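Asks: Starting from these lines, generate the structure:
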Amino acid sequence: MFIKKAGKEKYELQSEDRQVGTFKIMQVGHGIGKIKQLEVVNGISPGDILRIFELIQTYAQTEKFNELHVESHSSTLDHLLKHQRFQLHDSERRLWIYKVTHR
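Replies: Below is the predicted model:
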């Protein structure tokens, strides 16, 4: 699975020869991106969802982001974000932040 840039802020998730999803990373500050409108095709496994977040996190590192922000809309996503080392920043807005590690 890999990420293909499809526009200024739009990205496609590709697996072999087919698109399995799309998402946007909106610039919300210097070095800060907000993941929005993550959509995947039916039949994606929970393991694939974890791999998608790992891909996005690696992409953020490559593109020199310092933080990724996500607003969660479900307890399932909350659990996944916590597993992927996002920290709950604002419980009222359910805003999670991932601090990108640069190596």
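Asks: Please identify the buried residues of the longest strand along the chain?
Replies: Counting residues, the longest strand found in the chain (DSSP state E) is strand 18-29. For strand 18-29, the neighbour count (16 or more other C-beta atoms under 10 Å) marks 20-25 as buried. Heads up, the C-betas are built off the backbone N, CA and C, glycines and all.
Asks: Packing partners of that strand?
Replies: strand 10-15, strand 32-40, helix 46-62 (3 or more C-beta pairs under 8 Å, 6 or more residues apart in numbering; DSSP states H and E).
Asks: Turn the ones you listed into a markdown table, including mean pLDDT and distance to Val100.
Replies: Below are the helices and strands packed on strand 18-29 laid out as a markdown table (pLDDT from 0 to 100; distance: least, C-beta to C-beta, whole Å):
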| stretch | mean pLDDT | distance to Val100 |
| --- | --- | --- |
| strand 10-15 | 93 | 16 |
| strand 32-40 | 94 | 9 |
| helix 46-62 | 90 | 5 |
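Asks: Adding distance to Gln87, write these out as CSV.
Replies: As requested, the helices and strands packed on strand 18-29 are exported to CSV (distance: least, C-beta to C-beta, whole Å):
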stretch, distance to Gln87
strand 10-15, 23
strand 32-40, 14
helix 46-62, 13
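Asks: Ok, which of these comes nearest His73?
Replies: strand 32-40 (10.8 Å; C-beta to C-beta).
Asks: For the nearest residue to Leu13 once chain neighbours are set aside, which residues are in contact?
Replies: Counting by C-beta to C-beta, 6 or more residues apart in numbering, Leu13 lies nearest to Gly21, which is 3.9 Å off, once chain neighbours are set aside. If a contact means C-beta atoms under 8 Å, 6 or more residues apart in numbering, then Gly21 has 12-13, 38-41, 44, 52 as its contacts.
Asks: Now, of these, which are buried?
Replies: Buried, going by 16+ other C-beta under 10 Å: 13, 38, 52, out of the contacts of Gly21.
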